[in-house]
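>>> Pasting a predicted model and its sequence here:
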Amino acid sequence: MAENENAVAPAQETTEQAGGGEAAAAAAAAPEAESAPEEITYHAVEKDGQVTAIWEMQGRKHLRTIDPRSRQGQEILRLYTAEHGE
């Protein structure tokens, strides 16, 4: 899997994920035209030819690490291989 591949559509952030509170609610209500968020991408971390982790990134910011053995990790890898025929 290439390092900078999109495997699924961008994730939707909720106020719970943003940390809750007034700042998160204000950020969620802000118009997109002012500051469009960067695209969410997924990066495979490989060791000895095996994917050991999947990093969810927004621009250069690391959002979270996904276990490739988890249901979501398997879905991301399955979508990538379906698109690229590897």
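Yes, it's here.

>>> Buried ones in stretch 52-59, by neighbour count?
54, 56-57 (16 or more other Cβ atoms under 10 Å). Every residue, glycine included, has its C-beta placed from N, CA and C.

>>> Below-threshold pLDDT in this structure: ranges please.
Applying pLDDT under 70 to the chain flags residues 1-35, 86.

>>> 50 instead?
1-4, 6, 9-28 (pLDDT under 50).

>>> residue ranges for the helices of it, please.
With DSSP state H, the ranges of helices along the chain come out as 21-29, 71-84.

>>> Which other helices and strands does the longest one contact?
Helix 71-84 is packed against strand 40-47, strand 50-58, strand 61-66, with contacts defined by 3 or more Cβ pairs under 8 Å, 6 or more residues apart in numbering; DSSP states H and E.

>>> now those strands in TSV, with distance to residue 78?
Below are the helices and strands packed on helix 71-84 laid out as TSV (distance: least, Cβ to Cβ, whole Å):
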stretch	distance to residue 78
strand 40-47	12
strand 50-58	12
strand 61-66	13
